[in-house]
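A.B. asks: What shape does this take:
(one chain, ligands or ions: 1)
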Amino acid sequence: MNRRILTGGALALTAGLALAGCSDASADKASDKPELPELKVAGAFIPEPAMDTMASGFFTVTNKGGADKLTSVTSALAEKVTLHSTKGNAMKEQKSFAVPANGELDFARGGNHLMFEELKHKPKQGDKVAVTLHFEKSDPIEIEVPVKAATYNPKPGKHTSH
Ligand code: CU
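C.D. replies: Alright, predicted model coming up:
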């Protein structure tokens, strides 16, 4: 009898410690999830821009692992690359975009997009632009983004389904 009470007490203590450890871990985002992200980038394109100063860019990041975050984008094409979301007709600059665990982050016309600002030259259809995606956990991913016709849109209408 006494022994059983002791065992129960010890278990409760262990559980309490585990819980405390857990809430510490979630305060520190880096150790949130032990599973590593496994990212792949596909379907990238830049529509040939109408302006000399600015271009947009699209791509899809698929993730077969734990959650990650797209934190910035750099390119030799532009002084600055910003991340934008679109709500209705208004676009809003974002600091980062979540790449959900076992999910995807989609950039598509009418939705999320990159803005290449202060272009060093105006990209033309057929060009390839080197772009580097930087993530919170994963190593940076370098991609060659083809410049397509101004009206190119591989996924008209909707964006998530395959
Ligand atoms: Cu924008």
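A.B. asks: For the ion, give me its nearest residue in the chain.
C.D. replies: Residue nearest to the ion within the chain (Cβ to the ion): H84, separated by 3.4 Å. For every residue, glycine as well, the C-beta is placed using N, CA and C.
A.B. asks: Spatially nearest residue to that residue (excluding sequence neighbours)?
C.D. replies: Closest residue to H84 apart from its sequence neighbours, by Cβ to Cβ, 6 or more residues apart in numbering: M91 at 4.5 Å.
A.B. asks: burial count for the one you found?
C.D. replies: 16 (other Cβ atoms under 10 Å).
A.B. asks: Report the contact partners of it.
C.D. replies: When contacts are counted by Cβ atoms under 8 Å, 6 or more residues apart in numbering, M91 is found next to 84-85, 113.
A.B. asks: Which residue ranges of this structure form strands?
C.D. replies: Assigned by DSSP state E, the chain shows strands spanning 39-47, 54-63, 68-75, 78-87, 90-94, 97-99, 104-106, 113-119, 128-135, 141-148.
A.B. asks: can I get those strands in a markdown table with mean pLDDT and distance to P156?
C.D. replies: Formatted as a markdown table, the strands of the chain follow (pLDDT from 0 to 100; distance: least, Cβ to Cβ, whole Å):
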| stretch | mean pLDDT | distance to P156 |
| --- | --- | --- |
| strand 39-47 | 98 | 13 |
| strand 54-63 | 98 | 12 |
| strand 68-75 | 98 | 24 |
| strand 78-87 | 96 | 15 |
| strand 90-94 | 94 | 19 |
| strand 97-99 | 98 | 22 |
| strand 104-106 | 97 | 14 |
| strand 113-119 | 97 | 15 |
| strand 128-135 | 98 | 23 |
| strand 141-148 | 98 | 14 |
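A.B. asks: Mean neighbour count, the ones you listed: which tops it?
C.D. replies: Of all the strands of the chain, strand 54-63 carries the top mean neighbour count, a mean of 21, counting by mean count of other Cβ atoms under 10 Å.
A.B. asks: How about the contacts made by the most centrally placed residue in the chain?
C.D. replies: With distances taken as Cα atoms, centre = their mean, L70 lies nearest the centre of the chain, 3.4 Å away. By Cβ under 8 Å, 6+ apart, L70 lies in contact with 61, 83, 96-99, 105, 133-135.
A.B. asks: repeat that for 6 Å
C.D. replies: Contacts for L70 (Cβ atoms under 6 Å, 6 or more residues apart in numbering) come out as 97, 135.
A.B. asks: What residues are bridge-paired with it?
C.D. replies: Applying DSSP bridges to L70 gives these bridge partners: F97, F135.
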